[in-house]
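J.: Below are the sequence and a predicted model; questions follow.
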Amino acid sequence: MNNSSTADSANSAEQMVNQSEQGGRQPLGKSRLVLLGTALCWSLFQLWNASPLPYIFNFGIFNDGQARAIHLAFAIFLAFIAFPARKKSFSNQVPVTDWLFGLTGSFCAAYLYIFHQELATRAGAPVTMDLITAGAGMLLLLEATRRALGPPLMIVAAVFITYAFAGPYMPDVIAHKGASLNKALSHFWITTEGVFGVALGVSTSFVFLFVLFGSLLEKAGAGNYFIQVAFSLLGHLKGGPAKAAVVSSGLSGVVSGSSIANVVTTGTFTIPLMKRVGFPAHKAGAIEVAASTNGQLTPPIMGAAAFLMVEYVGISYIDVIRHALLPAAISYIALFYIVHLEALKAGMQGLPRSVTRTRTQALMSFTGSFAGLCLLGAGVYYGVGWTRQYMGEYALSIITLTLLASYLILLKVAARQPDLINNIEDEIRSTPVPGPTIKRGLYYLLPLVVLLWCLTVERYSPGLSAFWATLVMVFITLTHKTLIDIFRKEQTTTHLKEGFLDLIDGMTTGARNMIGIGVATATAGIVVGAVTLTGIGLVMTEFVEWISAGSIILMLLFTAIICLVLGMGLPTTANYIVVSTLMAPVIVTLGAQHGLIVPLIAVHLFVFYFGILADDTPPVGLAAFAAAAIAQSDPIKTGIQGFTYDIRTAVLPFMFIFNTELLLIGIDSIPQLVIVVFGAIAAMLVFATATQGHWLVKNRWYETLGMLLIAFTLFRPDFWWDRVYPPYETYDGNSIVTQVEALPDQANARLWVAGETLEGKQVNQMVILPAGNKASAEERFRNMGLEVLIDGDNLVIDMVDFNSEAQKVGIDFDWQIQRLEVPSDRLPKQLTWIPAFILLLFIFLGQRRRQST
């Protein structure tokens, strides 16, 4: 592929991103100034709202509801200005109607801020003006959503609105009494149960700042730096450009929260190079798609939906990162290995080295650079951690000066290195030298260090952490080019202006990237509001139980299919909100009824994974279309190939639902952690080998089946072990009291309870409650929040304490405790790995024999 065709395909993909995420309209003159000025003001407002400055100056303080109203006002206005009514509309002019719709929609959203005092005095009793504003706001929000995201999410929201009104006319299984117009409009728009609910709140508080942070990183050149580093370290290996694509897309996930943008950012470099070393066009595009979709799964900065988990699951963002870390890591390791197998099958080579180096020099360069990064991180983390307590009131000043000194030192190091390739016309024709490449942009890591420090050490909220990291990024964007010129003793005027323009461009681009997310979270709030207004969430449990016939696997497959189908038209964030609202409680409830305790975070990550996988699922995977535009391949063929690579990621959610150790839940020791990590990596590599149909040589069908069996055994050793040795001993009747008293300190009691809910439904489910320290059975039941009466051989719950653990899991008075399960004293379940590895050895020996003949 020549430079001209590469640039054309890259421009085509870039245009696709602009149309899908920033709006296809590029107005001129005053309209352009209004568009960019409004986007800039939105970014400045979000930075102000997240900063401590309002409280320092006691000015411009907005509560959550007011901030959400202003946030949505910006999003709706920009949606009408940036996105034309039709894709083929003339893109350089903004019609008068769009100005009118944008201003009206913005007013309807800001209405909750402008009249917040009046609304507070008539809560639950809206006046005519409130209802008119709510009705107009709902209609304009739906139209803004259609423009920014296409019809699917608008249609889904319209269906739920219709359902809210038409409840009495629905089939009996989903019928309800219906809502009046006044009640529905008030519920959806005036309260925090609908449009201005949790989802929009997370978009306002967290997501915007992380998107802005990523946009500034990209404008400053961090995205290009990550790509070049990946190529310098991996480009010379077999299929090196594809391996570099995997790593660079993972790193670019820090910069971009969008699979499509990630494809375009890294794919313009990686796809042409993959084709050059021998990858077919559709496979080159598919590898980039698979790597980019996984970018949203990779901590520390995941897709926008990950921040919603903080509110929906009720855990900290650090806990979300901890639970998501191992699945994301083994998924990327497997994709790297898949690329290696593809290169082996085709006999590919890597890029030539620009400088001939011995193996020892290469190893020293890699390990030295890696060690430098580790020392930098360790120095900041432990150095500040150990010394801060001695700094007293000067801690902030000393840390700031240390950070500034580190920045200047790293800039001085960067100034001594050659500049990185920056244009697609200057394609990489040989592997860059790792040392200079890595040193050229080490200062880009400082904002990430600040972000992780604030999240993990200071334990700030995600929003405040992102604010401080963004503030550092603003300073770097403004100064890094000029300071490098100073260290090189070159003229600084041009780059000083460039830094300012990069800052403005980064802030406006960040805001424009948020338009779709802003309206998506608001519109998805309509779905959440309809669920709370109509009570369909309770109905969904019965419906899904009926359609899945009580099978957990069928229920999970049903949920995965819903995610993939909705994801063809809905962005990941909206998809996650809709499906998790409807299905997460259902999976937890039905799992408990069948003896499977599923942590809520596991269910939300399940939905999150399949929502992201929809980006490359044919026939409407937008990430696949973007990659195909760059690779000049068939988008359907590219999407199908990408999905085959992503089968490994699709299997993971099913595994961690049944084996929550993969989410690092229930890990009590370092040896146990090592065993879990080893088993997960081995299982994923064996699974990748099976799905690729190739190891040392092409697999025979029985070898593939054997590998799938081995992978399943490594992922779920308990499946086989539980059939040999039951995991729990069961006690019933009065023996429950004795065994509860005998439980170890801080143990959990696994109780089967049964009873009738307030809705008249009979429930029989498993619950896990903390038994606390060693004490009498009565005291341990009290610690769970229960008062229990012994009625013959029956244990009847006489009282449930308010807000206790027992009440949180749904237990009510007059229920019965039927059984207690106590863990059996048995050998480790990992013993099932022994026959699995023996079988793998036989497969290896068989392929080795065929390879040598």
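T.: Everything's here; your move.

J.: Wasn't R750 part of a strand?
T.: Yes. R750 forms part of a strand when assessed by DSSP: H, G, I helix; E, B strand; the rest coil.

J.: Can you name the residues that contact it?
T.: 597, 728, 766-768, 820-822 (C-beta atoms under 8 Å, 6 or more residues apart in numbering). The C-beta positions use only the backbone N, C-alpha and C, and glycine is treated the same way.

J.: Look up how far L705 lies from it.
T.: Noted for R750: a distance of 35 Å to L705, by C-beta to C-beta, to the nearest Å.

J.: same deal with I562?
T.: As for I562, its distance to L705 is 30 Å (criterion: C-beta to C-beta).

J.: Tell me which of those two has more neighbours.
T.: For I562 and L705, the more surrounded residue by other C-beta atoms under 10 Å is I562, and the numbers stand at 18 against 12.

J.: Show the pLDDT at E729.
T.: Looking at E729, its pLDDT stands at 89.

J.: What segments of the stretch 101-250 of the chain are helices?
T.: Ranges of helices in the stretch 101-250 of the chain, per DSSP state H, counting those that start in this stretch, are 116-121, 128-149, 151-165, 181-185, 198-202, 208-220, 222-234, 240-252.

J.: The ones you listed: which one's closest to G525?
T.: Distance to G525, taken as C-beta to C-beta, is lowest for helix 198-202 among those, at 5.1 Å.

J.: chain center to the closest one: distance?
T.: Taking C-alpha atoms, centre = their mean, to the nearest Å, the mean C-alpha location of helix 198-202 is offset from the chain mean by 15 Å.

J.: I'd say D64 and L200 touch.
T.: No. Taking contacts as C-beta atoms under 8 Å, D64 lies outside contact range of L200: 9.8 Å.

J.: who has more neighbours, these two?
T.: The neighbour comparison of D64 against L200 (other C-beta under 10 Å) goes to L200, with 30 against 14.

J.: quick one: contacts for that one?
T.: 68, 71-72, 518, 521-522, 525.

J.: Show me which of these is closest to T573.
T.: If you rank those by distance to T573 using C-beta to C-beta, T521 comes first, at 6.2 Å.

J.: contacting residues around the closest residue to W720 other than its chain neighbours?
T.: Among residues not flanking W720 along the chain, T832 sits closest, at 4.8 Å (C-beta to C-beta, 6 or more residues apart in numbering). By C-beta under 8 Å, 6+ apart, T832 lies in contact with 713, 717, 720-721.

J.: would you turn these into CSV with distance to S252?
T.: As requested, the contacts of T832 are exported to CSV (distance: C-beta to C-beta, whole Å):
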residue, distance to S252
T713, 35
P717, 35
W720, 40
W721, 41
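
J.: Determine the number of other residues adjacent to Q851.
T.: Q851, neighbours per other C-beta under 10 Å, totals 10.

J.: thinking again about what came up before, ranking the helices of the stretch 101-250 of the chain by mean pLDDT, which is last?
T.: Looking over these, mean pLDDT reaches its minimum on helix 240-252, with a mean of 78.

J.: Quick one: list the elements packing against that one.
T.: Under the contact definition 3 or more C-beta pairs under 8 Å, 6 or more residues apart in numbering; DSSP states H and E, helix 240-252 sits against helix 222-234, helix 259-276, helix 281-295, helix 317-346.

J.: in the longest one, what counts as buried?
T.: The one in question is helix 317-346. Buried residues in helix 317-346, counting neighbours by 16 or more other C-beta atoms under 10 Å, are found at 317-318, 320-324, 326-344.

J.: for the spatially closest residue to C108 that is not a sequence neighbour, what are its contacts?
T.: Closest residue to C108 in three dimensions, ignoring its sequence neighbours and counting by C-beta to C-beta, 6+ apart: G137, at 3.2 Å. By C-beta under 8 Å, 6+ apart, the residues touching G137 are 105, 108-109, 111, 189, 195.

J.: quick one: which of these is nearest V310?
T.: Comparing the contacts of G137 against V310 with C-beta to C-beta places V195 closest, at 20.0 Å.

J.: isn't that closest one right next to F188, touching?
T.: Yes. V195 is within contact range of F188, at 5.9 Å (criterion: C-beta under 8 Å).

J.: Touching both of those two, which residues are there?
T.: By C-beta under 8 Å, 6+ apart, V195 and F188 have these common neighbours: 138, 525-526, 529.

J.: Show me these that map onto helices.
T.: Counting by DSSP state H, the part of the shared contacts of V195 and F188 found in helices is 138, 525-526, 529.

J.: before we move on, the earlier item: can you lay out the helices of the stretch 101-250 of the chain as a markdown table showing distance to N659?
T.: Output for the helices of the stretch 101-250 of the chain, formatted as a markdown table (distance: least, C-beta to C-beta, whole Å):
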| stretch | distance to N659 |
| --- | --- |
| helix 116-121 | 48 |
| helix 128-149 | 35 |
| helix 151-165 | 33 |
| helix 181-185 | 43 |
| helix 198-202 | 29 |
| helix 208-220 | 30 |
| helix 222-234 | 31 |
| helix 240-252 | 24 |
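
J.: right, and those helices - which one's nearest Y576?
T.: Among these, the nearest to Y576 by C-beta to C-beta is helix 198-202 (9.2 Å).

J.: what about Q672, neighbour count?
T.: For Q672, the neighbour count with other C-beta under 10 Å is 14.

J.: scratch that, M583 is what I was asking about
T.: A count of nearby residues for M583, using other C-beta under 10 Å, gives 25.

J.: residues touching the spatially closest residue to it that is not a sequence neighbour, list them.
T.: The shortest distance from M583 to any non-neighbouring residue, by C-beta to C-beta, 6+ apart, is to T559 (4.8 Å). Neighbouring residues of T559 by C-beta under 8 Å, 6+ apart: 579, 583, 587, 606-607, 610.

J.: what's the answer for V289, then?
T.: Each residue near V289 by C-beta under 8 Å, 6+ apart is listed here: 259, 263, 615-616, 621, 623-624, 627, 638-639, 642, 645.

J.: in this structure, which helix or strand is least confident?
T.: When each helix and strand of the chain is scored by mean pLDDT, DSSP states H and E, helix 359-378 comes last, with a mean of 48.

J.: will you turn the contacts of T559 into CSV that also has secondary structure?
T.: Below are those laid out as CSV (three-state DSSP):
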residue, secondary structure
V579, helix
M583, helix
I587, helix
F606, helix
V607, helix
F610, helix
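
J.: which of these lies closest to T270?
T.: Of all these, T270 sits closest to F610, with 25.4 Å by C-beta to C-beta.

J.: Which residue, other than its chain neighbours, is closest to that closest one?
T.: Spatial nearest neighbour of F610, chain neighbours left out: C563 (3.6 Å); criterion: C-beta to C-beta, 6+ apart.

J.: Quickly find the element holding the one you found.
T.: C563 belongs to helix 552-567 when elements are defined using DSSP states H and E.

J.: how far is that helix from where the chain is centred?
T.: For helix 552-567, the distance to the chain centre is 18 Å (C-alpha atoms, centre = their mean).

J.: looking only at pLDDT, what's the mean for stretch 611-628?
T.: The model assigns stretch 611-628 a mean pLDDT of 74.

J.: how about that stretch: buried residues?
T.: For stretch 611-628, by 16+ other C-beta under 10 Å, it's 611-618, 620-628.

J.: first to last residue in that stretch, what's the distance?
T.: Counting by C-alpha to C-alpha, to the nearest Å, you get 21 Å between the two ends of stretch 611-628.

J.: From here on, call the first residue 24.
T.: Sure, I'll start numbering at 24, so the last one becomes stretch 634-651.

J.: picking up where we left off before, how close does the residue nearest to W743 sit to E726?
T.: In terms of C-beta to C-beta, T855 sits 20 Å off from E726.

J.: Same question for F85.
T.: 62 Å.

J.: Between these two, tell me which one has more neighbours.
T.: Taking F85 and E726 together and counting by other C-beta under 10 Å, E726 has the greater number of neighbours (22 against 18).

J.: Hmm, the more buried one is touching F865, no?
T.: No. Using C-beta under 8 Å, E726 is not in contact with F865; the gap is 9.4 Å.
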